[in-house]
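S.K.: Pasting the sequence and the predicted coordinates here, then a few questions.
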Amino acid sequence: MEITIRKVKPDDLDAVVNVEAECFPEAEAATRSSLNNRINTFPDSFYVAEDNGRIIGFVNGCITNSRTIYDELFSDASLHDPNGYYQAVFGLDVVPEYRNQGIAAKLMNHLIEASMKNGRKGLILTCKEHLIHYYSKFGFVNLGVSGSTHGGAVWYDMILEMQK
């Protein structure tokens with residue numbers, strides 16, 4: 001298996017939509033329109049994982065000055081601030097048959113490294129309680145229950161502050 005991580009391209013939309021649908025319940029999944037806006041608005045912080053040309057996962061998120069994610073960020077790409085301090089992580093998706101092989105970690109590490117190179121102060125995300133331990137392996141710290149009510153779920157705010 002030869003996994004390649006690369007920046008998203010506009011013609012990846014169909015594959016990205018399919019991966020999102022496999023990875024999230026409908027209430028939490030980004031819509032086709034939202035994913036298209038993300039691809040076109042912040043392609044520099046949207047990476048896909050490929051296996052022999054097939055997109056099997058991705059990580060994406062806008063840049064913001066906020067230290068936590070709020071619901072409007074998910075749906076309004078115009079809130080992306082390319083000069084912001086924090087890289088948000090909206091989704092870390094890997095299709096089921098490729099899970100538990102380190103692909104999500106490769107994607108996350110790629111985004112962390114890109115964020116460091118671009119001078120970000122840190123990365124922010126929301127996750128469900130059972131994933132707090134996973135993200136803490138990358139250095140994220142749990143800030144507690146999030147104000148986000150995205151998809152009707154209970155989320156936790158997490159932050160990874162870059163070391164200077």
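M.R.: Looks like it arrived, so ask away. Numbering: from 1, shown residues only.
S.K.: Can you give me the buried ones in the helix or strand of the chain with the lowest mean pLDDT?
M.R.: Within the chain, no helix or strand scores below helix 71-75, which has a mean of 87 by mean pLDDT, DSSP states H and E. Neighbour counts using 16 or more other Cβ atoms under 10 Å place 73-74 of helix 71-75 among the buried residues. C-beta here means a position set from N, CA and C on the backbone, and glycine is covered the same way.
S.K.: Can you name the next helix or strand after that helix?
M.R.: Sequence order places strand 86-89 as the next helix or strand after helix 71-75, per DSSP states H and E.
S.K.: Point out the other helices and strands that the helix or strand following that following strand packs with.
M.R.: Counting by DSSP H and E, the next helix or strand C-terminal to strand 86-89 is strand 91-94. Packing contacts for strand 91-94, counted by 3 or more Cβ pairs under 8 Å, 6 or more residues apart in numbering; DSSP states H and E, involve helix 13-23, strand 54-60, helix 103-117.
S.K.: just the ones you listed: most buried one?
M.R.: Sort those by mean neighbour count, taking mean count of other Cβ atoms under 10 Å, and strand 54-60 sits at the top with a mean of 23.
S.K.: For it, what is the distance to the chain centroid?
M.R.: In terms of Cα atoms, centre = their mean, to the nearest Å, the centre of strand 54-60 is found 10 Å from the chain centre.
S.K.: which strands and helices sit next to that strand?
M.R.: Looks like strand 54-60 contacts helix 13-23, strand 46-51, strand 91-94, helix 103-117 (3+ Cβ pairs under 8 Å, 6+ apart).
S.K.: Under the pLDDT cut-off, which ranges of this structure? List them.
M.R.: Low-confidence segments of the chain (pLDDT under 70): 164.
S.K.: OK, contacts around G61?
M.R.: Shown in contact with G61 (Cβ atoms under 8 Å, 6 or more residues apart in numbering): 42, 45-46, 87-91, 111, 125.
S.K.: same thing with L160?
M.R.: Residues near L160 by Cβ under 8 Å, 6+ apart: 112, 122-124, 138-141.
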